[in-house]
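A.B. asks: the sequence and its predicted three-dimensional model are supplied below.
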Amino acid sequence: MLRHSGRRTCRDDVDTLNMEAGRKIRVLIVDDSAIVRKTLSAIVEAHPDLEVAGTAADPFIARDKILALDPDVITLDIEMPRMDGLTFLKKLMRFHPMPVIVISSLGQSSSRAAIEALQSGAVDVVAKPSGPYSVTELRDQLAMKIRAAAHATLRKPGTASPSPSVPLPPAPRGSGDVRIIAIGASTGGVEALRSVLVALPAEMPPIVVVQHIPPVFSTEFSRRLDQLCRLSIKEAADGDSVERGRVLIAPGNFHLEVQKSGGRLRADVRTGDPVHFQRPAVDVLFHSVARSFGRDSIGVILTGMGADGAAGLLAMKRAGARTIAQDEQSCVVFGMPREAIRVGAADSVLSLQQIPAELVRLAGL
C-alpha cells in the first residue's frame with residue numbers, strides 16, 4: 001500500500017487558488033464507471049485552473065497512479081470492485097494522506113458510507129451527476145470543492161471530536177437571554193459540527209444549522225449526530241418547532257430560515273436561488289435570525305471555503321447578536337471564517353475546542 005511521502009497538506013489562500021503561480025490543480029478521478037470518469041473529467045477540464053492528472057477504475061490502479069502522478073486532489077467513488085472506496089480511503093489516510101472528495105450516489109447505504117468517509121479523513125462529499133444533481137449543477141460546485149480540498153489542512157481522523165461523556169469545562173454564567181444559536185459551515189464542517197454539538201448539554205437554546213451538503217447525505221448526517229449527542233437532532237422540515245434542546249439541520253438542496261409565528265418559533269424550509277452557489281446557504285439562515293431575533297441570538301461560522309455567511313453574520317452582529325468565528329489553526333479551510341473576520345462580523349475568534357464552552361457561557365448554563 002502507499003506510504004506517506006511527506007507532502008504538504010495545506011496552503012489555504014482563497015485569493016491564490018493555484019498552488020503555484022500559473023500551476024493548475026491536478027485531479028485524479030477514481031471511479032469504476034467509464035461514463036462517470038468521462039463526465040467528471042469534462043467537468044474538471046471546463047475550469048482553466050483545474051486539470052485531470054489521470055483516471056483510475058479501481059483503488060489498485062489508483063494506488064499506482066498516485067505514486068506516478070502525484071495529484072493534488074482525488075475524487076473517489078465509494079462502490080468499486082476489488083476494494084471499496086471506504087477501505088481504500090482509510091488505507092490512504094494512514095499511509096499517504098492527501099485531499100479526497102468522495103463522489104457518491106444518493107442511496108441510503110451510500111450516504112452512510114459517505115458520512116463515514118468524512119469521519120475517516122475525506123475533505124468533502126459530492127453527489128454523482130444523476131437525478132436531481134445534473135451535470136450543469138455539479139460543474140461549479142465540484143470545482144469549488146476541488147479548490148477547497150487542494151488547500152485543506154488534513155487532520156488525523158477522529159482527533160477533533162470529544163466524547164459526549166467528557167464533562168464540560170467550567171465557564172462563568174452568561175446573561176441567559178439567548179433564544180437561538182445559528183451555525184454555518186462548509187468544507188470540513190461535518191466533523192467540526194460533530195465536535196461542537198457532542199460537547200453541548202441537552203439544555204441548550206434552540207440551534208439551527210446550515211452545512212453545505214447534498215440531499216440524502218444531510219438526512220444521514222442528522223441521524224448519526226442524533227445518536228452521538230445529548231441534544232435532539234433532526235433534519236429540518238418545513239414548520240418544525242424550534243425549541244430548547246433541539247438542533248435543526250438544513251436539508252440538502254433547501255434553504256433554512258427561522259420565523260416567528262404567533263408565540264411559536266418555526267422552521268421555514270424552502271427552495272429558491274442558490275446563494276454563493278449554495279443551497280442551503282448560510283447567509284439565508286443568518287439574515288433570517290438577524291431579522292427575527294437580533295440581540296437574543298448567537299451566530300457561529302465554522303470551517304469552509306468562500307464567503308457564504310460573512311454578510312449574514314455581520315447583519316446578526318449589527319442587530320446585537322453575539323458572533324463567533326472559528327480560528328485558522330483549527331479550520332480545515334479558513335475561507336468562510338476569514339471573510340467574516342475581514343468584514344468585522346466576528347466578536348471573537350476561537351478554536352474549535354473553545355467554541356462549545358463559549359456557547360454554554362453565553363447561554364447562561
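C.D. replies: Received the coordinates, thanks.

A.B. asks: mind listing what's buried in stretch 358-365?
C.D. replies: Applying a neighbour-count criterion of 16 or more other Cβ atoms under 10 Å, one finds 358, 359, 360, 361, 362, 363, 365 buried in stretch 358-365. C-betas here are computed from N, CA, C, even on glycine.

A.B. asks: hang on, residue 359 packs against residue 322?
C.D. replies: No. The criterion here is Cβ atoms under 8 Å, and residue 359 misses it with residue 322 at 9.6 Å.

A.B. asks: what do these two both touch?
C.D. replies: Taking Cβ atoms under 8 Å, 6 or more residues apart in numbering as the contact criterion, the common neighbours of residue 359 and residue 322 are residue 298.

A.B. asks: now the strands for the stretch 251-365 of the chain?
C.D. replies: 255-261, 264-270, 297-301, 322-326, 348-350 (DSSP state E, counting those that start in this stretch).

A.B. asks: what residues does the helix or strand hosting residue 208 touch?
C.D. replies: According to DSSP states H and E, residue 208 maps onto strand 207-211. With contact meaning Cβ under 8 Å, 6+ apart, strand 207-211 is reached by 180-186, 189-190, 193, 197, 200, 218, 221, 231, 236, 242, 246-250, 256, 258, 267, 280-282, 284-285, 289, 309.

A.B. asks: that one pairs with which strands?
C.D. replies: strand 180-185 (parallel), strand 246-249 (parallel) (DSSP bridges).

A.B. asks: point out the most buried one among these.
C.D. replies: strand 180-185 (a mean of 28; mean count of other Cβ atoms under 10 Å).

A.B. asks: could you check the angle the very next helix or strand once past that one makes with strand 322-326?
C.D. replies: For strand 180-185, the following helix or strand on the C-terminal side (DSSP H and E) is helix 189-197. Orientation check (axes from the mean of the first three to the mean of the last three Cα atoms, to 10 degrees): helix 189-197 against strand 322-326 gives 130 degrees.

A.B. asks: any stretches of the stretch 101-250 of the chain with poor pLDDT?
C.D. replies: 106-108, 130-134, 156-176 (pLDDT under 70).

A.B. asks: repeat that with 50
C.D. replies: Applying pLDDT under 50 to the stretch 101-250 of the chain flags residues 132, 159-175.

A.B. asks: next one: residue 149 from residue 75, what distance?
C.D. replies: The gap separating residue 149 from residue 75 is 9 Å, by Cβ to Cβ, to the nearest Å.

A.B. asks: now do the shared contacts for these two.
C.D. replies: 100, 101.

A.B. asks: residue 40 reaches residue 33, doesn't it?
C.D. replies: No. Applying Cβ under 8 Å as the test, residue 40 and residue 33 come out as separate, 9.6 Å apart.

A.B. asks: with just CA atoms, put the strand holding residue 208 into PDB.
C.D. replies: Coordinates of the C-alpha atoms in strand 207-211 are reproduced here as PDB (Å, rounded to 0.1, in the frame of the first residue of the first chain):
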ATOM      1  CA  ILE A 207     -29.800  25.600  17.500                       C
ATOM      2  CA  VAL A 208     -30.200  25.900  13.700                       C
ATOM      3  CA  VAL A 209     -27.500  24.700  11.300                       C
ATOM      4  CA  VAL A 210     -26.600  25.100   7.700                       C
ATOM      5  CA  GLN A 211     -23.900  22.700   6.400                       C
END
